[in-house]
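Chemist: Quick one, what's the 3D model for this:
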Amino acid sequence: KLAPSILDADFTCLERELRKIENGGADLIHLDIMDGNFVPNISFGPKIVESIKRKTSLPLEVHLMVEKPENHIKSFINAGGDIIILHYETSKHLDKLIQTINKADVKSGIALIPATPLNVIEYIINKIDILLIMTVNPGFGGQKFIPEAFTKIEKARKIIDNQKKSISLAVDGGINLDNISKVVKAGVDIIVVGQIIFKSANPEETTRKIKNLLK
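Modeler: Alright, predicted model coming up:
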């Protein structure tokens, strides 16, 4: 599945940008929520998510790159988030927070930055719907894919395949037309990309091209 990140979209004509990726065959929309603390950048909040929800039928994947995610989960669920992804590194009470998300009938996920090993989520993996592997250090678009991440992706695939429930493996960061096929072969279910779509001359056509590479 393809999840374009709208962080690099033109926010002055966001509805038009949404139509381009919808027409190109995007499966969901990835929303990077940054607070300037966990990551240096600041992006947008629930109001924007609410507006996007009104303008698209695609599921919204909310990626909370924030300190104290417990203060924000409910507002993003209420804004229309269909999937809420938390960072392992931001809370000591992940289990409780995942329960809160699951009880709201919303899909839950955990994201890991490149330096965080996979074994930290073994106790909670069977309670989530998505495991997101960051293949760049989060906070800014346009970074290069960390090559060592391939090993982590392959290991994550094995861990997921050993679970009784269905869990999607997602990858976010530095994915481009040169490495996307290798990423898919490593066993990824959801690819998050931003700049290569929205900075291209024809975002709709680029979305379609990437979708074809995922088949």
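
Chemist: Check what pLDDT the nearest residue to residue 186 once chain neighbours are set aside gets.
Modeler: The shortest distance from residue 186 to any non-neighbouring residue, by Cβ to Cβ, 6 or more residues apart in numbering, is to residue 153 (4.3 Å). For the C-beta atoms, the positions are set from N, CA and C on the backbone; glycine is no exception. pLDDT, residue 153: 97.

Chemist: ok, now which ones touch residue 89?
Modeler: If you count contacts by Cβ atoms under 8 Å, 6 or more residues apart in numbering, residue 89 has them with 38, 112-113, 116.

Chemist: Any chance of JSON lines for those residues, columns distance to residue 122 and secondary structure?
Modeler: Listed next are the contacts of residue 89 as JSON lines, based on distance: Cβ to Cβ, whole Å; DSSP: H, G, I helix; E, B strand; the rest coil:
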{"residue": "38", "distance to residue 122": "23", "secondary structure": "coil"}
{"residue": "112", "distance to residue 122": "12", "secondary structure": "strand"}
{"residue": "113", "distance to residue 122": "17", "secondary structure": "coil"}
{"residue": "116", "distance to residue 122": "13", "secondary structure": "coil"}
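
Chemist: Correct me if wrong: residue 209 contacts residue 177.
Modeler: Yes - contact between residue 209 and residue 177 holds when scored by Cβ atoms under 8 Å: they sit 7.5 Å apart.

Chemist: When those two are compared, which one has more neighbours?
Modeler: Taking other Cβ atoms under 10 Å, residue 209 and residue 177 do not tie; residue 209 has more neighbours (17 against 13).

Chemist: ok but that one is inside a helix, no?
Modeler: Yes - under DSSP: H, G, I helix; E, B strand; the rest coil, residue 209 falls within a helix.

Chemist: and it, what does it touch?
Modeler: residue 177.

Chemist: how near is it to residue 179?
Modeler: Residue 209 sits 15 Å away from residue 179, going by Cβ to Cβ, to the nearest Å.

Chemist: Also residue 205?
Modeler: Per Cβ to Cβ, residue 205 is found 20 Å from residue 179.

Chemist: Residue 61 too?
Modeler: Distance from residue 61 to residue 179, by Cβ to Cβ: 21 Å.

Chemist: higher neighbour count, these two?
Modeler: Using other Cβ under 10 Å as the criterion, residue 61 and residue 179 rank with residue 61 on top: 27 against 15.

Chemist: Need the pLDDT of that one.
Modeler: Looking at residue 61, its pLDDT stands at 99.

Chemist: what's next to whichever strand or helix holds it, contact-wise?
Modeler: In this assignment (DSSP states H and E), residue 61 forms part of strand 60-65. By Cβ under 8 Å, 6+ apart, the residues outside strand 60-65 that reach it are 3, 28-35, 38-39, 49, 52-53, 72-73, 76, 80-87, 90, 109, 111, 130, 132, 138-139, 172.
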